[in-house]
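Participant: What follows is a predicted structure for the sequence shown.
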Amino acid sequence: MVYIVGNENYNGEVAQGENLALGFQASYPGSEPSTIRIQIPSQPDCCSEVEVTPPIPTAAPGEGCPTCCSTTSITSEWQGNFIGEFNIPITKRVTGGWTVEIYFTAPVNSLTLYNADMIGTLNGNKVYQIINRQHNEDFNPGEDNYQGFQATISGSTPTFHVYMVGQPQCCNNICGTPGPTTTEVPQQTDVPDPEPTDDLVSATQPAVQTETPESPTTDTPDQTDAVSFEQTVVLTGTSEAIEQTDALNPHTTETPEPEQKTTTVSIPTIPANISYAYDDVLYKSILFYEAQRSGALPENNRIPYRGDSALDDAGDDGEDLTGGWYDAGDYVKFGHPMAGAVTVLAWGLIEYKSGYEAAGELNNMYDCIKWATDYFLKCHINENEFYAQVGDGYIDHAYWGRPEDMDLYRPAFKVTKENPGSDVVGETAAALAATSIAFQDFDSVYAATLLSSAKELYVFAKTSEGKYSDTITNAAEFYRSTGYQDELCWAAAWLYMATSNVTYLTDAETIYDMHGLSSKPWAFDWDDKKAGVQVLLYKLTGDVKYKTDVETFITGWVNGNDVGYTPQGLAWRIQWSPNRYSANVAFLALVAADLGIQRDSYQTFAKQQINYMLGDTGRSYVVGFGVNPPDRPHHGSSSCPDTPASCGWDDFNYDGPNPQILYGALVGGPDINDNFENDRTDYIQNEVTCDYNAGFQSSVAGIIKLLIDESND
C-alpha cells in the first residue's frame, strides 16, 4: 500500500541540511505493519526514520460505567438542540493525550465541542468518543477535565454520563464507588448558542471562557482548499490494509442513565441604575449603519432622509454591485475598511450576543451586517476576481450633497490573480467566516453560503499575494495598505473557528510565526490586524505564547506605557480618530478579560474608555446620544435639508447643526488635551466612518453582557 502526500503552502521549500518532519495517524486490521518506508523523489533513498507511537487508548467493549465523581449537566435546551457540559476529576496522571466517551440515553445527531475533538461514534450515535487538543493533553491528579458541547437531536433531550479512559470507574450511585452524578448549574443569561448545520463547525476555547462559545458545526472542508502540491512524499507499508481514519472504533454497549435535570435559558435583562442607557447606544449605532446604506433600501427603512441611491453601481461586465455601505460622509464603497468593520461587528455579535438580546436589537443587528455581506457576495464574481472598491475617491470628494441626487462617474475596481489584493480579499474572507458563525442560529442556509465564499476567497488571497492598494492605486490616497500577512493569518484563524479544519489553524500559526505577528502592534484597526489575531489565536488554542502577546499589547494601553492619556482619561493614540483606536482596544480588552487575562483591570479600562465617549467628561462623542453630543458631523447626507430643497457646498459650510440627526455615529474625537471643536468642516475631529463604530458598538454590547453578569453574581 502506497500513500502519496504533498506539502502545504508554507513548507514547500526545504533547504539542504534541514529535516522534513511529518506526522500521520493510521488504522489497520490485524497486526501492526512491520515496515514503513518513506521516499522523497529526487532525494537519496536512505537516512529517513519512522517512529511509531502507540495510539491513545480507547475503551474496550462494555466499559460504559462513568468515571468516579464525574458530573454532567444540561445547561440549556431549545428545539432540536441542547448545550451540555461535564467535569471529570483527575485521580491518575495523564500525559500525552486522553480519550473520553460520552454515553447518551438516545441518539444524538451531531456534537460540537468547544475544547476537544471528536474521533468517532458508536451504538447508533449514542456514544461519542472525543480526544484532547494539543494544549490540554496533560492532567495532574487533583485537576479537572472540564468540557462543554452543543448537540443537535431529533427527539427529546437525552441524559448522559462520561467515562475517561484510564480513570477509575464507578458503576453504583455514590461518588467514590458510584456512578454518574448529575448537577444543575446556575441558569445562564445568554440566549442559546447557534444551531449547527452541515456547513459549520465550532472553534476551540480555553476553559476559562465565561460565555458559552458560539459554535456552529460543519463537515471538514476539502484539504485542497489550503494546500498546493509541489513536492511529493511517498509512504509505503507492508500491510495492504492501512487506512487513513480518525480513530479506532471499538464496539461499546449502551448503559442506562438516571433522570437528568435541565435548566431553561431566559432572555437577559439589563440591570437598572447603570451609568448610561447602553441599549439605546446599540440601537442608535445600528441606525448609523442603516444611514450608510447604498442601493435600493428596504420597505422598513428607518432613516427618513435616506432613499435609494447608486442603483447603477456595476462591474466591468455589468455585474450588479449595488448595496453595501458608504464609507464615511462620502459615497465611495471602500472594500477593505468595510470588511474590517464587518469582521469586528460579527465578532462582537458572537461574543456578546446576550448584549444585543437584552437590548432588543438582535434582529436589527442581523440585518445590519447582512447588508454588507450581501454586497460582498456580489463582489466575489468568481474564484479569482473580487471587486474591492466602487467609486473614485477624488471624484467623490469633489461632491457634497445627497447620495440620492448624485450623478457621478462611479468606476468599479477589482483585484484578480494577475493584479492581487491579498489584504482586502483576506479581510473579506474573515468577515464572511465570522458572520457565518454569527448567523448560524438565525439563517443556517445563508451562513453556509457565506462560509463557502470565505473559503474560496481565502485560497485566492493566499495563492495570489500582493497589496490591494498597489493594484487599486485610487485607494492608496485614502486607505493605503501596509501589508497583507496579518489579514491572511486573520482569515485562516476565522476559518478555523468556523470549520474546525486544522489546516486553517496550521496556516494561521505558521503565518504568525514566519511574519513576526507576535510583535507589539501599534494599534488595532482596519489595516493592522495583529492585535486581533493575537487575541483570537489565544481564544482558539489556549497557547500561553499568544496570551503573552495579548498582555504585552493591551497592558501597554491600560497602564499608559505605550499611549498617552488626555487629562480626562482617553487613551489617545493619534489625532486622527483617537476614539476609534481606543474603542477598538476596549473591545479586545473585554474579549481578553473573558478569556481570563487580567479580568478586572481590562474590564475597568474598557468601561472607562467607552464611558468617556458617552459623556463622562460632560460631552458625548456619539451623535444623537447623551449630553452635549456633536451635531455637525462631517457627513454629506445628514447635512442636507429636507427635500425638495437643494443641497451642496453651502450646506457643508453652514455654521449650524446638521438638519438631519445621524444617530449613533461616533465622531473622531478630541485632541490630546480633551479639546474638541463641533465643526463639520473639521473632518479630523468630526469624521464618521463604518470603521469607527465597529469596535465601539461591539464594546457596548460587551459592557451590557458584563453588567448582566455582575448583576447575577
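Facilitator: Cool, the structure landed. All values derive from a computational prediction rather than experimental measurement.
Participant: and Ser464, what does it touch?
Facilitator: Taking C-beta atoms under 8 Å, 6 or more residues apart in numbering, we find Ser464 in contact with 384, 415-418, 420, 422. The C-beta positions use only the backbone N, C-alpha and C, and glycine is treated the same way.
Participant: So which of the residues you listed is surrounded by the most neighbours?
Facilitator: For these, the largest number of neighbours (other C-beta atoms under 10 Å) sits with Val415, at 28 neighbours.
Participant: Determine which two of the contacts of Ser464 are furthest apart.
Facilitator: By the measure C-beta to C-beta, Glu418 and Ser422 form the most distant pair in the contacts of Ser464, at 13.3 Å.
Participant: related to what we said a few turns ago, make TSV out of the contacts of Ser464 and add pLDDT and secondary structure.
Facilitator: Formatted as TSV, the contacts of Ser464 follow (pLDDT from 0 to 100; DSSP: H, G, I helix; E, B strand; the rest coil):
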residue	pLDDT	secondary structure
Asn384	96	coil
Val415	98	strand
Thr416	97	strand
Lys417	96	coil
Glu418	97	coil
Pro420	97	coil
Ser422	97	helix
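Participant: Among these, which one sits closest to Gly391?
Facilitator: If you rank these by distance to Gly391 using C-beta to C-beta, Val415 comes first, at 16.0 Å.
Participant: Would you agree that closest one is in contact with Ile381?
Facilitator: No. Contact criterion C-beta atoms under 8 Å: Val415 and Ile381 do not qualify, at 11.2 Å.
Participant: same for the longest helix seen in the chain, what does it pack against?
Facilitator: Of all the segments assigned as helix in the chain under DSSP state H, the longest by residue count is helix 690-712. Contacting helix 690-712 under the criterion 3 or more C-beta pairs under 8 Å, 6 or more residues apart in numbering; DSSP states H and E are the following elements: helix 278-291, helix 335-351, helix 353-359, helix 578-594, helix 599-611.
Participant: hang on, the earlier thing: can you redo the contacts of Ser464 as a markdown table, where the extra columns are distance to Asp138?
Facilitator: As requested, the contacts of Ser464 are exported to a markdown table (distance: C-beta to C-beta, whole Å):
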| residue | distance to Asp138 |
| --- | --- |
| Asn384 | 44 |
| Val415 | 45 |
| Thr416 | 48 |
| Lys417 | 45 |
| Glu418 | 49 |
| Pro420 | 43 |
| Ser422 | 38 |
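Participant: tell me the angle the helix or strand harbouring Thr435 makes with helix 335-351.
Facilitator: Secondary structure here is read from DSSP states H and E; on that basis Thr435 sits in helix 422-439. Interaxial angle, helix 422-439 versus helix 335-351 (axes from the mean of the first three to the mean of the last three C-alpha atoms, to 10 degrees): 30 degrees.
Participant: list the helices and strands helix 422-439 packs on?
Facilitator: Other elements packing on helix 422-439 under the criterion 3+ C-beta pairs under 8 Å, 6+ apart are helix 335-351, helix 362-379, strand 385-390, helix 444-463, helix 468-471, helix 485-499.
Participant: element containing Gln167, please.
Facilitator: Using DSSP H and E, Gln167 sits within no helix or strand.
Participant: Got the confidence number for the nearest residue to it once chain neighbours are set aside?
Facilitator: Spatially, and ignoring its direct neighbours in sequence, Gln167 is nearest to Thr67 (4.6 Å; C-beta to C-beta, 6 or more residues apart in numbering). Each residue has a pLDDT score; the one for Thr67 is 88.
Participant: looking at it, Thr67 is touching Val165, isn't it?
Facilitator: No. Distance between Thr67 and Val165: 9.1 Å, which falls outside the contact criterion (C-beta under 8 Å).
Participant: Pick out whichever of those two has more residues nearby.
Facilitator: A side-by-side neighbour count of Thr67 and Val165, using other C-beta under 10 Å, places Thr67 first with 27 against 20.
Participant: Any idea what that one is bridged to?
Facilitator: Here Thr67 sits in beta bridges with Gln169, as judged by DSSP bridges.
Participant: Could you check how far it is from Ala15?
Facilitator: Here Thr67 is placed at a distance of 48 Å from Ala15 (C-beta to C-beta, to the nearest Å).
Participant: Could you pull up the contacting residues of Asp543?
Facilitator: Shown in contact with Asp543 (C-beta under 8 Å, 6+ apart): 135, 537.
Participant: For it, give its distance to Tyr602.
Facilitator: The spacing between Asp543 and Tyr602, counted by C-beta to C-beta, is 19 Å.
Participant: Next, the buried residues of stretch 357-372.
Facilitator: Residues of stretch 357-372 classed as buried under the neighbour-count rule (16 or more other C-beta atoms under 10 Å) are 357-359, 361-362, 364-366, 368-372.
Participant: Report the mean confidence score over it.
Facilitator: The average pLDDT within stretch 357-372 is 96.
Participant: Using CSV, list the CA coordinates for that stretch.
Facilitator: Backbone C-alpha positions of stretch 357-372 (Å, rounded to 0.1, in the frame of the first residue of the first chain) are rendered in CSV as follows:
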residue,chain,number,x,y,z
GLU,A,357,-30.6,40.2,23.1
ALA,A,358,-31.0,42.2,26.2
ALA,A,359,-31.1,45.5,24.3
GLY,A,360,-33.8,44.1,22.0
GLU,A,361,-31.5,44.7,19.0
LEU,A,362,-30.6,41.2,17.9
ASN,A,363,-32.7,41.1,14.7
ASN,A,364,-31.7,44.6,13.8
MET,A,365,-28.1,43.5,14.2
TYR,A,366,-28.5,40.6,11.9
ASP,A,367,-30.0,43.0,9.3
CYS,A,368,-27.1,45.4,9.9
ILE,A,369,-24.3,43.1,9.0
LYS,A,370,-26.2,41.2,6.3
TRP,A,371,-26.5,44.4,4.3
ALA,A,372,-22.7,44.4,3.9
